[in-house]
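> A structural model of the following input is requested.
(one chain, ligands or ions: 2)
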Amino acid sequence: MEKIDPNFIREVTRRSGTLHSRCYNCLACTSGCQFAHIMDRKPHEMIRLAQLGLKNEALSASAPWLCVGCNTCSMECPNGINIPAVMDAMRELAIIRGKIPEPDIYNFHKEILGSVKRYGRTHKLEIMMRYKLVTRDFFSDMDLGLRMLSRRKLHILPSRIRHLRDIRTLFKKAG
Ligand code: SF4
Ligand code: SF4
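Ligands and ions are numbered 1, 2, ... in the order given. Sure thing, here's the model as predicted:
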């Protein structure tokens, strides 16, 4: 059985900036989450893992990678716990540990952020192409891509925002 890791409790608190220790497991967060049904661990369970310092169990869960950060859960929480911030902290710690339970989702995030850094906005066609190259899954969404192209939902060339330097400064600050 996994031992409690007090450093993990502290680190999740520090990175999330929220007091997950206040959670009394009422399940309101999970009840409001639109994605809970596809998560291996529900939002209230992730908070409980953080409280108990069960690092391995928490960091090997796919739930933080499926969370879209919509904040619905936090709005339901009677204790004002910022649940998506806890999910963020767990994603960061999984990346630092070098074992990412959902590598495809991680790669997708990286491509989106890379596009924002290059152009100040997303260039969907390039994101799709780069993501396909990384995952080496070339044909699974081919029909969708062609449909989007034919409906002019995908632009061939990227366009840059005017104040791209500001965006790059933000990336630098975030480290
Ligand atoms: S809504 Fe808040 S108090 Fe209730 S289980 Fe979720 S995190 Fe805990
Ligand atoms: S922020 Fe994440 S955990 Fe909370 S409701 Fe949205 S998807 Fe669910």
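> When you work out contacts or count neighbours from here on, use the C-alpha atoms and nothing else.
Noted.
> From ligand 1, how far out is the most centrally placed residue in the chain?
Relative to the mean C-alpha position of the chain, the nearest C-alpha, by CA atoms, centre = their mean, is the one of residue 65, at 4.8 Å. Taken as CA to the nearest ligand atom, to the nearest Å, the spacing of residue 65 relative to ligand 1 amounts to 18 Å.
> Which parts of this protein belong to which domain?
Each structural domain of the chain that the record assigns through automatic domain parsing is listed here as a residue range: 6-97, 103-174.
> picking that back up, wait, the residue nearest to the centre of the chain touches residue 105, no?
Yes: at 6.7 Å, residue 65 counts as touching residue 105 under the criterion of CA atoms under 8 Å.
> Grab the longest helix from the protein for me.
Ranked by number of residues, the top helix in the chain under DSSP state H is helix 103-119.
> which other residues reach stretch 165-175?
With contact meaning CA atoms under 8 Å, 6 or more residues apart in numbering, stretch 165-175 is reached by 116-117, 120.
> which parts of it are buried?
Of the residues in stretch 165-175, those with enough neighbours to count as buried (16 or more other CA atoms under 10 Å) are 167-168.
> Pull the contacting residues for residue 115.
Remark: with contacts taken as CA under 8 Å, 6+ apart, residue 115 is in contact with 121-123, 126-127.
> How much space separates it from residue 174?
Using CA to CA, to the nearest Å, residue 115 is found at 16 Å from residue 174.
> Check residue 103 too.
Plainly put, residue 103 is 22 Å away from residue 174 if you go by CA to CA.
> quick one, helices of the protein?
Counting by DSSP H, the helices of the chain are 6-16, 28-32, 43-52, 55-59, 63-66, 72-76, 83-97, 103-119, 124-135, 142-150, 164-174.
> I'd like to know which of the ones you listed lies nearest to residue 156.
Distances from residue 156 to each of the helices of the chain were compared using CA to CA; the shortest belongs to helix 124-135, at 6.7 Å.
> Can you check what angle separates the closest one from helix 103-119?
Going by axes from the mean of the first three to the mean of the last three CA atoms, to 10 degrees, helix 124-135 is angled at 140 degrees with respect to helix 103-119.
> tell me the mean pLDDT over helix 124-135?
The average pLDDT within helix 124-135 is 90.
> In CSV, could you pull the C-alpha coordinates for that helix?
Once side chains and other backbone atoms are set aside, the C-alpha atoms of helix 124-135 remain, and they are given as CSV (Å, rounded to 0.1, in the frame of the first residue of the first chain):
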residue,chain,number,x,y,z
LYS,A,124,-5.3,24.9,-36.6
LEU,A,125,-3.9,23.3,-39.8
GLU,A,126,-0.3,23.5,-38.5
ILE,A,127,-1.3,22.3,-35.1
MET,A,128,-3.0,19.3,-36.6
MET,A,129,-0.1,18.5,-38.9
ARG,A,130,2.5,18.8,-36.2
TYR,A,131,0.4,16.7,-33.8
LYS,A,132,0.1,14.0,-36.4
LEU,A,133,3.8,14.0,-36.9
VAL,A,134,4.5,13.6,-33.2
THR,A,135,1.9,10.8,-32.7
